[in-house]
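Asker: fold the following, please.
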Amino acid sequence: MSVILQEKNSKGRVIPSVNGALRNSYIKVPTAIREASGIRIFGKRMKSFIFTTDVAIIKNTDADAVIAVYPFTPMPTITQALMSVSDIPVMCGVGGGLTHGKRSANIALHAEFQGAIGVVLNGPTTDETIAYVRENIDVPIVITILSELSDIEGKLKAGADILNVSCGAKTAAVVRSIRTRFPDVPIIATGGPTDASILETIEAGANAITYTPPSNGELFREKMDYYREIEQAKYETDQMEEKE
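Answerer: Numbers count the residues shown, from 1 in each chain. Got it, this is the predicted structure:
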């Protein structure tokens, strides 16, 4: 049987929420992200991007989309696996560091064929590699911005469509600087660990926020602790009943 809950948005409007009994446990992105304007890609408006390649987490989240980047050379088999389980749009990493040039372009084309709604290039990506990728695909190119020193104008001219600002504690400040110089460019940014830091990043000019979820190990530890508490409570209840 479905479990029907209700919540309200920032304007006080009721949002009905219907969940199954078995699927009531999932990764919820911070509600502060809802204050972002979102980025509309192929008609779909996205405010929250979950940063993970864990297929179990991807299958159990309320995020609007996935940004799947990992610290290894991009592999089409990984892209295929992610796309096969995801119920939400996926943006796939296609290199930009050690993997670059035509190889990144080929991987990006494969990602598009698999159904990726966009591709992500890492900060060190040259303008030449961005141009190679742009010539080969129709989906948006997301370029990661690592610091205020990045040549944003050059990357946009080469063919990047969306900026993914990931500058640690300086993210909000860098977003604010970018927004001053490029008022119309779509910006995804890391929001930090708190609602306050997320709202600061949104107010600085970010259109969407990336959220890094707890690891599978952390989530499983919480669940095991919960099961142990239940087991302990049952044991204590049984002991009391035996005494009676």
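
Asker: now the longest helix along the chain: buried residues?
Answerer: The single longest helix within the chain, with elements called by DSSP state H, is helix 216-243. Under the neighbour-count criterion of 16 or more other Cβ atoms under 10 Å, helix 216-243 has residue 219 buried. No exception for glycine: its C-beta is placed from N, CA and C like everyone else's.

Asker: run the chain-centre distance for it.
Answerer: Helix 216-243 sits 33 Å away from the centroid of its parent chain (Cα atoms, centre = their mean, to the nearest Å).

Asker: now the helices for the protein?
Answerer: 55-59, 76-85, 101-114, 127-136, 152-158, 171-181, 195-204, 216-243.

Asker: of those helices, which is nearest residue 32?
Answerer: helix 195-204 (4.0 Å; Cβ to Cβ).

Asker: looking at residue 36 now. What's its pLDDT?
Answerer: Note on residue 36: pLDDT of 97.

Asker: with adjacent residues omitted, what lies nearest to it?
Answerer: Leaving aside its sequence neighbours, residue 36 sits nearest to residue 47 (Cβ to Cβ, 6 or more residues apart in numbering; 4.5 Å).

Asker: distance of the one you found from residue 211?
Answerer: 10 Å (Cβ to Cβ, to the nearest Å).

Asker: residues in contact with residue 41?
Answerer: By Cβ atoms under 8 Å, 6 or more residues apart in numbering, the residues touching residue 41 are 89, 117, 118, 140.

Asker: at 6 Å what do you get?
Answerer: residue 117 (Cβ atoms under 6 Å, 6 or more residues apart in numbering).

Asker: roughly how far apart are it and residue 68?
Answerer: For residue 41, the distance to residue 68 - Cβ to Cβ - is 15 Å.

Asker: so which of the helices of the chain gets nearest residue 24?
Answerer: Comparing those by Cβ to Cβ, helix 216-243 comes nearest, at 13.0 Å.

Asker: which helices and strands sit right next to the closest one?
Answerer: Helices and strands touching helix 216-243, by 3 or more Cβ pairs under 6 Å, 6 or more residues apart in numbering; DSSP states H and E: there are none.

Asker: let me see the mean pLDDT of it.
Answerer: 82.

Asker: low-confidence regions, the protein specifically.
Answerer: 1-10, 22-23, 244 (pLDDT under 70).

Asker: kindly recompute the last result at 50.
Answerer: For the chain, the stretches with pLDDT under 50 are 1.
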